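J.: Need coordinates for the following:
(2 chains)
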Amino acid sequence: GYAKCGSFLEAQRVFEKLSARNIVSWNAMINRFAEYGYGEMALQWFERMQCDDISPDAVTLTSSLKACASIVDGVRSQEIHGYIVKIGIWDHDVFFGSSFVDIYAKCSWIADMYHVFQTSVVRDVVTWNAFISGLLEVGQHERALNSLDQMRHEGLCPNAGTFIALLKVCSCIGAPFRGECIHTEIVKEGLLEQDAHVGSILVDAYVKCGLFTEAQSVFEMLPARDVISWNALLAGYAEHMPGEEILQHFKRMKFEGIAPDSITYSCILKACSNLGAFNEGCELHKEIVTRGLMDSEVKNALIDMYSKCRAIDDAQHVFEQSRMTS
RNA sequence: GAAUUGCAGUUCUA
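T.: Model (predicted):
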C-alpha cells in the first residue's frame, strides 16, 4: 500500500479508514515504520494492534524485531523472544534466529547472541551473515573470518551480504591478504556484476587496508559506479594521497553524472584542508549551499578547512551559523 | 488463492 512509498501520513489515513483491518495491513504499517528507522513508532503500532485484540503472527514479530534492532532495544526484544518461545513457534521461522542474533549483537549481549545462534536448528545464509556481523561487533575477528568455511560446511552458499560482512572484518583489523582472498571469491561468484554494494565495500576495504592501488583498480573495473563507491574511493584519496589529484577525480565524478552528496563534500574538504587549498574550499562551500547539502558533518569539515587555511573569520562564520540553527 | 516479514555498502564524531 501507500506505506511502501514512504508516505506515512497517507498510509495512516488509508489505514484508519480500512473497514477490514486484517493482520496484513497491521504488519505492513509496522514494517514500514521499522524500515524507515521509526522504531519507536513501529512498536507503538505493535502495541496498538494487540489492544485491538489481534494476536501477532510470525510476520508481525519479525517486523517488530526489526524495529527493536533499529533502536537497539534489547529489553523489548527479550520480551518478544520469551513470547515466541512460550507460544512454541520458535522453530517455525528461520527469520527469528537471524533477528535475535542481530539484535543481541547490537546490544553487545554476547552470550545471548551465541545462545541463539547455537540453538537455532535451522540456519540459513542470513543467520550466518548476522552472526558474522555480530562477531565483528564483539571483536571476535578470527572467528568471523573462519565462518565462511563453516557455513559452507553446513552446505550453505554465501551471498553478497556474507562477503560484505567479511570485508568489514578485514577493514577493521587491516588484513589485506584476507581481503584479497575474499576478493577472489567474489569474482568467482560473479557478484561484482550482480550487486553494487559489494563493489563499494571492496573499494572501501582496500582503502582501509592501505592497498590504494588495488582500490583504484577495483573501482575502475566496477560495472556501475554510484555515489557510494565514489565516496569510498575519494575517502581513500583524502586519507592516503596528499595532492590535488583528488580534485581531478571529483571533476570526473560530476562529469559522469553522479551527484555528490554531503559525504563527498566532507571528503573533498578534508583534502583541501590538508592542501591548504583555500580557493577550492570556497568554491566547494558555494556548491554545498547551492545544492542544499549543509549538514553538521559538512559544517565541521568546512570549519576545519577554513582553520587550516588560516581563514579564521570564515571558520567563525560557519561556526556561528551552525550555532544559530542547532 | 493473492497482498505484509530477517542480516549486509561510503565521511567525521563521542
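J.: where in the stretch 201-326 of chain A is pLDDT low?
T.: Residues of the stretch 201-326 of chain A meeting the criterion pLDDT under 70: A:325-326.
J.: distance of the residue in it that RNA strand B sits nearest to from A:His249?
T.: Using C-beta to the nearest atom of the strand, the single residue of the stretch 201-326 of chain A nearest to RNA strand B is A:Asn231, 3.0 Å away. For the C-beta atoms, the positions are set from N, CA and C on the backbone; glycine is no exception. A:Asn231 sits 11 Å away from A:His249, going by C-beta to C-beta, to the nearest Å.
J.: More neighbours: which of the two?
T.: A:Asn231 (23 against 17; other C-beta atoms under 10 Å).
J.: Flag every residue of the stretch 51-200 of chain A that's near RNA strand B.
T.: For the stretch 51-200 of chain A, the contact set with RNA strand B under C-beta under 7 Å from any atom of the strand comprises A:58-60, A:62-63, A:65-66, A:69, A:93-95, A:97-99, A:102, A:124, A:126-127, A:129-130, A:133, A:159-162, A:164-165, A:168, A:195-197, A:199-200.
J.: Going through the residues you listed, which ones are buried?
T.: A:59-60, A:62-63, A:65-66, A:69, A:93-95, A:97-99, A:102, A:124, A:126-127, A:129-130, A:133, A:159-162, A:164-165, A:168, A:195-197, A:199-200 (16 or more other C-beta atoms under 10 Å).
J.: Among these, which ones are in strands?
T.: In strands, judged by DSSP state E, none of these are found.
J.: For the residue of the stretch 201-326 of chain A closest to RNA strand B, which non-adjacent residue is spatially closest?
T.: A:Ile263 (5.0 Å; C-beta to C-beta, 6 or more residues apart in numbering).
J.: gap between the one you found and A:Leu293?
T.: 9 Å.
J.: next one: A:Leu233
T.: Distance from A:Leu233 to A:Leu293, by C-beta to C-beta: 19 Å.
J.: quick one: which of those two has more around it?
T.: A:Leu233 (27 against 17).
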